[in-house]
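> Sequence and predicted structure below; questions after.
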Protein chains: 2
Amino acid sequence: MTILGEQIIGHAVSKGTNGELRGLDAATGKALEPGFGGATLADLDRACELADAAFDAYRETSLEDRAKFLETIADEILALGDELIERCCQESGLPRGRIEGERGRTMGQLRMFAGVLRDGGFLDARVDPAQPERKPLPRVDLRLRNIPVGPVAVFGASNFPLAFSVAGGDTASALAAGAPVVAKAHSAHPGTSELVGRAILKAAQTCGMPEGVFSLLYGTGREIGQGLVADRRIKAVGFTGSRAGGTALMKVAAARPEPIPVYAEMSSINPVILFPAALAARGEAIGKAFAGSLTLGAGQFCTNPGLVLAVDGPGIEAFEKGAAEALSAMPAAVMLTPGIHKAYVDGVSAVEGHAAVKTVAKGEAGGELRGQAALFQVAAPDFVAHPELQDEVFGAASIVIRCRDEAELHSVLASLEGQLTAAIHIDEADHAAAKAILPILERKAGRILVNGFGTGVEVGHAMVHGGPFPSTADGRSTSVGSKAIERFLRPVSYQDMPEALLPDALKDANPLGLWRRNDGKLVAPKG
Amino acid sequence: MTILGEQIIGHAVSKGTNGELRGLDAATGKALEPGFGGATLADLDRACELADAAFDAYRETSLEDRAKFLETIADEILALGDELIERCCQESGLPRGRIEGERGRTMGQLRMFAGVLRDGGFLDARVDPAQPERKPLPRVDLRLRNIPVGPVAVFGASNFPLAFSVAGGDTASALAAGAPVVAKAHSAHPGTSELVGRAILKAAQTCGMPEGVFSLLYGTGREIGQGLVADRRIKAVGFTGSRAGGTALMKVAAARPEPIPVYAEMSSINPVILFPAALAARGEAIGKAFAGSLTLGAGQFCTNPGLVLAVDGPGIEAFEKGAAEALSAMPAAVMLTPGIHKAYVDGVSAVEGHAAVKTVAKGEAGGELRGQAALFQVAAPDFVAHPELQDEVFGAASIVIRCRDEAELHSVLASLEGQLTAAIHIDEADHAAAKAILPILERKAGRILVNGFGTGVEVGHAMVHGGPFPSTADGRSTSVGSKAIERFLRPVSYQDMPEALLPDALKDANPLGLWRRNDGKLVAPKG
């Protein structure tokens, strides 16, 4: 396959005529071939029209057919072979091993949602049978299932060019839910996007899915992205990116005649809390491990550990020593885009120049487009007094907050905004103190982890990659794992509907073999 | 118990000092004793402070203790006896039988949520066990449960002074979720609100619930309601009322530094679609039944059938004849408040005076504060051309849309805004036509019912009382039935957490006896 710079609208590919954008070689900043045509408003309209037209047919495809569609997308992504890996490495500056791993994860997500479809639990099928003899009034027959909300807009993320972009978690969960997807490629990796988009198109055609189940557009400015969120046929939005970008889309969505939900995963500094016994036993080792997590992927993870908290003492000094040693040997790493690199350099120098902040360690010097890791230190009262120090610096920078005592540590935590993750490092002697802190962390974060760092995000059934605002727009949801499908569903109830008209999920004979709630009690499928 | 005009803040009752409001006798418009003191901003602050302080303790009460608390509230409401029924009838103008029924429903809701708590399924407990041997990376241990979002603001509804007010569905589902409630009484029934509020307070004290789990405020203007939604400690809002009121709260919530979800149930005209075979067999009878549903509770239901659609012909004429006969004998009924009565009279005269509209029938003439039922007719193209005819007229008024053919009927339906319910009247010969219309209705409404009307809203597990905007602010939710609890929950994931620190819902031994998802598969509790 060759990258042609073409958008995908339904089953048709074409060159957009609204300006041109190019991928850049992340390591050199040089523009790559070919140019990508930006979508016009007419292209956008057509993509949304086809998505809307495909919706009713697509949402009533069988669970098995939709599962096969997702699996076929995974197969087609793998079939792109080295061309995908090479282009993706080039556009993102990320090393081959990481991109191969991310491809595996992307395929794994699609296959996981195939399993979610075959399980059918996401339909939340419920039957409250009629009670014709009930007094004073007979009870009607009521049945409930989830249906998809409608066509979904998906925005590719800069930092996961595969796993959170064109065929990433948002697309996989929306397609699993039965929602057509109109994707907007991230401008940082248009070539990767086109390759993956073509894989989805091929799978849609192979599997006989209705035209419009998927479209892919490029946009040179904000017009297409904001227009997509504003389009009346779009009923939900999946986004991973900056706080400014996410909140802008939230505003557009809230201002529509019919407001729609935006699932934006935006900004998180992921506090790491180090407890005394753990620090005493292995402060230096935790510091070294921390440095590894901080610099993974040039620090360009939503779950990057941007904040470390501990009560002052020799333990935290050992941690800083270990972290500083490891960090100072870390080579500077190519960042995703020149823009991200510049924002990182600016963010780091703002922290570094802050009167209250002391520099603990730095990584090897950064060259052109490479980020230099950095670890800072600030006293707790200064951190609380300067909310700007809470702003995410996207990249391998972190701040250690030394607290006078546990109470001060609690008050720092309570002052934090919402987070994707919070990590605690503990030994058994720390359990009581950890127990006291858990309620604070539960209010602040979607995932709480012990003796680790948030940078590994397991794709599973018990994963929450989401948290209170501003870590996400909607802390009731996750964008990773099987629960992500719930974002794109709404319940519909059927009252006294004849068997012939009921959806299969709710027929008496339970032909889909679903677990259902009968009068509120879970009942296993027969057979 | 005596009604004293007092607010409830935590465990303390006091007279608010920010102006005074009074309940009115709905039938006469006369002010009732006593005066109710409006809350000050300091009262609001104190109620939110207590709710926030109670949150961590309340959310970790056992499922059984919370279930008993809800059941005790139901018992205490019943113990209010005739004083509650009489005051509620007086303030609402609704007849005794209806209010007694509504009290039963209110208690039934509380008890249903006690059952939901004992079932525990709402926690969505999930365990993905560690796989230390997995390649290339070992898998961590991940567990997930839902926790409540935080303190919830509940706004009483004018039209359900018991079932959707101080101890109504929003309060019951929030308290069940583990969320403290700060309720704002509806100004139309402050006496009813105080009585019910005192019942909750008594139950909270009897059951040893933390102070702040419940507060009740009165507000003379918008300051308290909007201030409640804006308060940083409030994390979600339950509201039933007008579209203007609901969208105003949505704007306040979206403009907060931390936006929060608003579950506003607002506006719906609940289309009824009559199919040819059903009309031919029993058009007149359907018309009579329709008139009964339309005038129930003076038409003051969110699910009132405000729109009737059918293909033109003798069937729809028979329907109109039956409806007109029944309607013209319907006595005018006292409406909830003078304001609602005035809005109804204005709304009806606007429709009546509309150039495209013909009057089919009217009920008996309304007297002071009584609403006169009304049925109108309009041709389909005129209805589509005049979107103002889609505006809800709250009360016993409805419009028949005669369509030339099925295609026109489909296009009228497609032009509608989101609805709580859609009803179809069919015989077996109508099944094919009904099947064609279902996808349209599923997109538009939260509940689809057959050969009935939406005015009976069963409280059960398969009920959806919700629908696309503007019928509710958030069509992914229901405000009636056991699924209503989901509105006030968010998932939290625990990674590699030692057994000693895990919440009971997620411990290996499953001490709560929950159904859980293990690696995505439902597993029954042992024993």
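Done, it's in.
> what are the ranges of the helices in the stretch 251-400 of chain A?
A:276-295, A:314-328, A:338-352, A:380-385 (DSSP state H, counting those that start in this stretch).
> Dump those to a markdown table, plus mean neighbour count.
C-beta: built from backbone N, CA, C; applies to glycine. Converted to a markdown table, the helices of the stretch 251-400 of chain A look like this (neighbours: other Cβ atoms under 10 Å in any protein chain shown):
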| stretch | mean neighbour count |
| --- | --- |
| helix A:276-295 | 21 |
| helix A:314-328 | 20 |
| helix A:338-352 | 17 |
| helix A:380-385 | 17 |
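> Ok, which of those comes nearest chain B?
Closest to chain B of the helices of the stretch 251-400 of chain A, according to Cβ to the nearest Cβ: helix A:276-295, at 12.2 Å.
> wait, does that closest one contact chain B?
No - applying Cβ under 8 Å from any Cβ of the partner chain, one finds helix A:276-295 separated from chain B by no less than 12.2 Å.
> what about the strands in the stretch 301-450 of chain A?
Along the stretch 301-450 of chain A, counting by DSSP state E, counting those that start in this stretch, strands occupy A:307-311, A:333-334, A:358-362, A:370-371, A:374-379, A:397-403, A:419-425, A:445-450.
> Same list (these) but as JSON lines, adding mean neighbour count and mean pLDDT.
As requested, those are exported to JSON lines (neighbours: other Cβ atoms under 10 Å in any protein chain shown; pLDDT from 0 to 100):
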{"stretch": "strand A:307-311", "mean neighbour count": "25", "mean pLDDT": "98"}
{"stretch": "strand A:333-334", "mean neighbour count": "22", "mean pLDDT": "94"}
{"stretch": "strand A:358-362", "mean neighbour count": "17", "mean pLDDT": "97"}
{"stretch": "strand A:370-371", "mean neighbour count": "24", "mean pLDDT": "95"}
{"stretch": "strand A:374-379", "mean neighbour count": "22", "mean pLDDT": "97"}
{"stretch": "strand A:397-403", "mean neighbour count": "24", "mean pLDDT": "97"}
{"stretch": "strand A:419-425", "mean neighbour count": "28", "mean pLDDT": "98"}
{"stretch": "strand A:445-450", "mean neighbour count": "27", "mean pLDDT": "98"}
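> hmm, back to that, let's have the helices of the stretch 251-400 of chain A in CSV, adding mean pLDDT.
Shown next, in CSV, are the helices of the stretch 251-400 of chain A (pLDDT from 0 to 100):
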stretch, mean pLDDT
helix A:276-295, 97
helix A:314-328, 97
helix A:338-352, 94
helix A:380-385, 95
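> Rebuild those helices as JSON lines, extending it with distance to A:L137.
Below are the helices of the stretch 251-400 of chain A laid out as JSON lines (distance: least, Cβ to Cβ, whole Å):
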{"stretch": "helix A:276-295", "distance to A:L137": "61"}
{"stretch": "helix A:314-328", "distance to A:L137": "67"}
{"stretch": "helix A:338-352", "distance to A:L137": "63"}
{"stretch": "helix A:380-385", "distance to A:L137": "59"}
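> who in the stretch 51-200 of chain A is up against chain B?
Near chain B, when you scan the stretch 51-200 of chain A using Cβ under 8 Å from any Cβ, you find A:55-56, A:60, A:101, A:115-116, A:119, A:121, A:124, A:126-128, A:136-137, A:139-140, A:142-144, A:147, A:149-150.
> closest one to chain B among the strands of the stretch 301-450 of chain A?
Using Cβ to the nearest Cβ, these put strand A:445-450 closest to chain B, at 3.6 Å.
> Is that closest one positioned near chain B?
Yes - legend: contact between strand A:445-450 and chain B by Cβ under 8 Å from any Cβ is shown at A:A445, A:G446, A:R447, A:I448, A:L449, A:V450.
> Return the distance of that strand from the chain's centre.
Centroid displacement of strand A:445-450 relative to its chain, using Cα atoms, centre = their mean, to the nearest Å, is 16 Å.
> That one versus helix A:276-295: what angle between them?
Relative orientation of strand A:445-450 and helix A:276-295, computed by axes from the mean of the first three to the mean of the last three Cα atoms, to 10 degrees: 120 degrees.
> Next, the residues that contact strand A:445-450 from outside, please.
Residues outside strand A:445-450 that contact it (Cβ atoms under 8 Å, 6 or more residues apart in numbering or on different chains) are A:271, A:418-426, A:438, A:441-442, A:454, A:463-468, A:471-472, A:475, A:478, B:140, B:490-498, B:501.
> what sits against A:A264?
Counted by Cβ under 8 Å, 6+ apart, A:A264 has contacts A:V237, A:F239, A:T240, A:G241, A:G245, A:G246, A:T247, A:L249, A:M250, A:T472, A:A473, A:D474.
> Chain B next: which of these are close?
Answer for those near chain B (Cβ under 8 Å from any Cβ): A:M250, A:A473, A:D474.
> Among those residues, name the ones in helices.
A:M250 (DSSP state H).
> so can I have CSV of the ones next to chain B among the contacts of A:A264 showing neighbour count?
As requested, the ones next to chain B among the contacts of A:A264 are exported to CSV (neighbours: other Cβ under 10 Å):
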residue, neighbour count
A:M250, 23
A:A473, 23
A:D474, 22
